[in-house]
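Novice: Sequence first, predicted coordinates after that:
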Amino acid sequence: GENVEQHPSTLSVQEGDSAVIKCTYSDSASNYFPWYKQELGKRPQLIIDIRSNVGEKKDQRIAVTLNKTAKHFSLHITETQPEDSAVYFCAASGRGGYQKVTFGTGTKLQVIP
Amino acid sequence: KAGVTQTPRYLIKTRGQQVTLSCSPISGHRSVSWYQQTPGQGLQFLFEYFSETQRNKGNFPGRFSGRQFSNSRSEMNVSTLELGDSALYLCASSSLVGAAYEQYFGPGTRLTVT
């Protein structure tokens, strides 16, 4: 089955700096890579996603890149703010239209004011 | 549209008991997935239902089961509860966007087994 590895497990940055979280996946047939943000005590929320036919996607201060050859994808957050502090999960979907999402182990991001 | 709802939000059970959790997906979503979230294991996939059929299953023992009704509402059941079943149980409903499913989570049910 699919295996998703996520690094780092914790990340501390100064407010205004950039943060990068990296994930690798094992199943070359995976075609959908979402990122979720989970604040303390709340549900995971989809913040951005990328499909295998796209190399990069941006949404304001966040961006995701995908390297299909190397089977890795990354989340980039620029100009970090204290409200960006949360746990971030990457994920990869199974092949075709079937819904089986495998999550990474999460990155706890702390933005220091 | 209303979001994904889960009931109950909190539950305390004793070892050996059984429990049923409920999930109502976003209107129009036919796929419902269940996850177990624990501090040590992260988000672990339990199973996914689509149009009342279990389409995918994770690596959990048979004590964990689920079903989906014709209105897409889903339930999961855990029998013979163990202390290690204490976790946040999240359900997520999905819709097909292009060639992939976008998934939206409910608030979760916090289960404590004593």
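Specialist: On my side now, so go ahead.
Novice: hey, where'd the strands end up in chain A?
Specialist: Secondary structure of chain A (DSSP state E): strands at A:4-7, A:10-14, A:19-25, A:32-38, A:45-51, A:56-59, A:62-67, A:72-77, A:86-93, A:101-103, A:107-112.
Novice: Show me what A:V20 bridges to in the sheet.
Specialist: Note on A:V20: beta-bridge partners by DSSP bridges are A:H76.
Novice: in stretch B:17-24, what counts as buried?
Specialist: Within stretch B:17-24, the residues that qualify as buried are B:19, B:21, B:23-24, counting by 16 or more other CB atoms under 10 Å in any protein chain shown. Where you see a C-beta, it was placed from the backbone N, CA and C, and this is true even at glycine.
Novice: Residues contacting that stretch, please?
Specialist: B:4-8, B:11, B:13, B:32, B:34, B:72-81, B:89, B:91, B:93, B:106, B:109, B:111 (CB atoms under 8 Å, 6 or more residues apart in numbering or on different chains).
Novice: Where in the chain is the helix or strand with the lowest mean pLDDT?
Specialist: Here I'm looking at chain A. Among the helices and strands of chain A, strand A:101-103 carries the lowest confidence by mean pLDDT, DSSP states H and E, at a mean of 88.
Novice: That was the other one, I meant chain B.
Specialist: In chain B, the helix or strand scored least confidently by mean pLDDT, DSSP H and E is strand B:100-105, which has a mean of 83.
Novice: could you give the angle of that strand to strand A:32-38?
Specialist: 10 degrees (axes from the mean of the first three to the mean of the last three CA atoms, to 10 degrees).
Novice: partners of the helix or strand following strand B:100-105 in the sheet?
Specialist: Note on strand B:100-105: by DSSP states H and E, the next helix or strand toward the C-terminus is strand B:109-113. Here strand B:109-113 has these sheet partners by DSSP bridges: strand B:10-13 (parallel), strand B:87-97 (antiparallel).
Novice: So B:E82 sits against B:F60, correct?
Specialist: No. With contact defined as CB atoms under 8 Å, B:E82 does not count as touching B:F60 (11.8 Å).
Novice: Mind checking which of the two has more residues around it?
Specialist: Using other CB atoms under 10 Å in any protein chain shown, the more surrounded residue of B:E82 and B:F60 is B:F60, with 16 against 12.
Novice: Count residues in the vicinity of the closest residue to that one other than its chain neighbours, would you?
Specialist: In space, B:F60 comes closest to B:L46 once its chain neighbours are excluded; the distance is 5.6 Å by CB to CB, 6 or more residues apart in numbering or on different chains. B:L46: 21 surrounding residues under other CB under 10 Å.
Novice: mind listing what B:Y104 touches?
Specialist: B:Y104 touches A:46, B:3-4, B:26, B:29, B:92-94, counting by CB under 8 Å, 6+ apart.
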